[in-house]
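1. Can you look at this prediction? I've put the sequence above it.
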Amino acid sequence: MSSYCFAFVAIIAVIGTIVVDDASGTLIPTCSVASHSCSSTDAQTITGSFIMISADFALLTAQKASIISCFTNQLRLSSSLNIKVTVQVQAIDRLSNGDCRVSYKCSGVGHHPSALSCLKATPNCDAFKTILGKCFRSSGTKVGGGLPILGGLLGAVGGILKVGSGIIGGLLAAVTSHTCSSTGTQTIGGTFIIVKVDVTLVTVQKASIASCFTKQLRLSHALNLKAIVEVQGIEHLANGDCRVSYKCSGVGHHPSALTCLKATPNCDEFKTILGKCSHSSGTQVGGNNNDDGQYDENNNGDVQYDGNNSGDGQYDGNNNGDGQYDGSNNGDVRGDESVDVTVSSNTCSSTDSETIDGSFDICNADLELLKVQKDSFESCCANQLRSSHALNIKISVEVQGFEQLENGDCRVSYKCSGVGHHPSALSCLKTCPNTNPFRDILGKCSLLKW
């Protein structure tokens, strides 16, 4: 028994540093980004740094130009106002624990919210993952083919362990590749490949996939509020994988839409859909298995941002309330003894050069509980707005009224004063209900089940 425990511990120890070679199916060690922070330092500049584990300092230094090119290319796609951005790697340091820190500076930034969102997502893009693969301390050595100590162990379990694609024990569905591009002034076409999936179960989820992508896309930018996603095909490939093809219509802002589409497979709602499509949805290794046989969304095999916005101007990884898609929220709040609380509509508009008025309707909410959260609503929205742009740092938010509508929903009306940059503030207000702090507030206001 102890030998099995040792084997399991040894396997877990290397989970964060191995991926699967698409061509051979063998396990290949790689380094990874453990943490990443970035913030605006002036009207046109952002600085940041990220920590890489299991990276060879010399190999990482050799990739300096590639890192610069990768970040620059991603930033210029984030917004038309960032088309002239340049990125400079200012330092690559070896830390005392053996990790490496990469510090960078971005100049010529025209739209900070989309730039900050983009920077946090860049370590997840294919180009950066390729760079990571070239920086591993023992680059070129394949796990299962002979790491000095663990080669025998991992060689024995190589057939049942795949990490990097989010699959442990070969039981969980995961998106391994995703491409999308603009096909017209208002359309985008795309496809993604899902491994370890039952094509029949995917077909059953066709409407859910279309709905999920549509909702996320409409949250990505005010100009994408009328976007519609249609799943055009679900194809069973010769290798057993599944290809899903889709088309987006009514796209008004392509940069944010493309960024959103690439991130959607990482959102909670899509992970729930994947959990219903696995070959063996009732069994898994390394995850939590519920009595209903559904995977609990804790493992998608991808690097995830870590969650909340502190409102201090630092983008910390989930949503800074700036109208940029954060890839992590499906807009619902669930509680064990309550029904779902959802923002069903959200409107806001500028009323003068420094003021925005707005309101949002919340369904399944208790009006009295909402009123108790008045200060929390104001604080949450103000924090998100102040992070949306340097010119919005002095914004204040006032909840002006709570109203019970005829259909049972509740309407919250608010006023924002001290607005310095209206486009980013309006985008922020539209996405604020999707941030974790706001969802936490909604979770405290739910009607009880009867």
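-> Done, it's in.

2. residue contacts, the residue lying closest to residue 249 once chain neighbours are set aside?
-> Using CB to CB, 6 or more residues apart in numbering and skipping the chain neighbours, the partner closest in space to residue 249 is residue 228 (5.1 Å). (C-beta placed from N, C-alpha, C; glycine too.) Listed by CB atoms under 8 Å, 6 or more residues apart in numbering, the contact partners of residue 228 are 214, 248-250.

3. Tell me which of those residues fall in strands.
-> Using DSSP state E to define strands, the subset of those located there is 248-249.

4. Would you mind measuring from residue 182 to residue 247?
-> When distances are taken as CB to CB, to the nearest Å, residue 182 and residue 247 turn out to be 11 Å apart.

5. An error on my part: the question was meant for residue 347.
-> 28 Å.

6. Just the pLDDT at the residue nearest to residue 249, thanks.
-> Confidence per residue is given as pLDDT, and for residue 228 that number is 93.

7. same question, residue 403
-> Residue 403 is assigned a predicted lDDT (pLDDT) of 92.

8. Renumber starting at 631 from here on
-> Got it, the first residue is 631 from now on, which makes the last one we talked about residue 1033.

9. who does it bridge with?
-> For residue 1033, the residues forming beta bridges with it (DSSP bridges) are residue 1041.

10. Quickly list the domain ranges of the chain.
-> In the domain annotation for the chain, the residue ranges read 632-659+769-792, 662-763, 797-905, 944-1073 (automatic domain parsing).

11. rank those by pLDDT, which is bottom?
-> Considering the domains of the chain one by one, the lowest average pLDDT is found for domain 632-659+769-792, at a mean of 42.

12. where exactly do the helices run in this structure?
-> Taking DSSP state H as the test, the helices found in the chain are 632-643, 687-692, 694-708, 742-751, 756-763, 781-787, 829-834, 836-850, 884-893, 898-905, 997-1002, 1004-1018, 1052-1061, 1066-1073.

13. Of the contacts of residue 858, which is the most crowded?
-> The most neighbours of any of the contacts of residue 858, using other CB atoms under 10 Å, belong to residue 878, which has 26 neighbours.

14. So residue 703 sits against residue 755, correct?
-> No. Here residue 703 does not reach residue 755: they are 9.0 Å apart, not a contact under CB atoms under 8 Å.

15. ok, back up a step: overlap in contacts, residue 812 and residue 877.
-> With CB under 8 Å, 6+ apart applied, the overlap between the contact sets of residue 812 and residue 877 consists of residue 818.

16. Counting neighbours, what do you get for residue 870?
-> Residue neighbour count, defined by other CB under 10 Å, stands at 11 for residue 870.

17. can you pull the contacts of it?
-> Shown here is residue 870, whose contacts under the criterion CB under 8 Å, 6+ apart are residue 825.

18. any idea how far residue 886 lies from residue 708?
-> For residue 886, the distance to residue 708 equals 8 Å [CB to CB].

19. Tell me how far the closest residue in space to residue 823 that isn't next to it in sequence lies from residue 1050.
-> Counting by CB to CB, 6+ apart, the nearest residue to residue 823 once its immediate chain neighbours are dropped is residue 807, at 4.7 Å. Residue 807 is 41 Å from residue 1050, where distance means CB to CB.

20. repeat for residue 901
-> When CB to CB is the yardstick, residue 901 and residue 1050 sit 37 Å from each other.

21. Check residue 766 too.
-> As judged by CB to CB, residue 766 and residue 1050 stand 45 Å apart.

22. ok, these two, which is more surrounded?
-> Relative neighbour count places residue 766 above the other of residue 766 and residue 1050, with 22 against 15, counting by other CB under 10 Å.

23. so who does residue 843 touch?
-> With the criterion set at CB under 8 Å, 6+ apart, residue 843 makes contact with 859, 876, 878, 891, 894.

24. I'd like the distance between it and residue 810.
-> Separation of residue 843 from residue 810 (CB to CB) stands at 10 Å.

25. joint contacts of those two?
-> Common contact partners of residue 843 and residue 810 (CB under 8 Å, 6+ apart): residue 891.

26. count of neighbours near the residue nearest to residue 823?
-> Residue crowding around residue 807 was assessed by other CB under 10 Å; the count is 14.

27. what does the one 10 residues further on give?
-> Around residue 817 sit 14 other residues, with neighbours defined as other CB under 10 Å.

28. likewise the one 5 residues further on?
-> The burial count assigned to residue 822 is 20, neighbours taken as other CB under 10 Å.

29. which residues touch the residue found closest to it once you drop the neighbours it is linked to in the chain?
-> Using CB to CB, 6+ apart and skipping residues adjacent in sequence, the residue nearest residue 822 is residue 808, 4.0 Å away. The contact partners of residue 808, taken as CB under 8 Å, 6+ apart, are 820-823, 891-892, 895.

30. Turn the contacts of residue 843 into a markdown table, columns for distance to residue 988.
-> As requested, the contacts of residue 843 are arranged in a markdown table below (distance: CB to CB, whole Å):
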| residue | distance to residue 988 |
| --- | --- |
| 859 | 26 |
| 876 | 31 |
| 878 | 27 |
| 891 | 27 |
| 894 | 26 |
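
31. Relative to residue 666, which of those residues is nearest.
-> Compare each of the contacts of residue 843 with residue 666 using CB to CB and the shortest gap goes to residue 894, at 20.4 Å.

32. I'd say that closest one and residue 844 touch.
-> No. The pair formed by residue 894 and residue 844 falls short of the contact definition of CB under 8 Å, at 10.0 Å.

33. State the distance from residue 669 to residue 676.
-> Applying CB to CB, the value for residue 669 to residue 676 is 7 Å.

34. same check, this time on residue 1006
-> From residue 1006 to residue 676 the distance is 29 Å (CB to CB).

35. Right, I'll leave it there.
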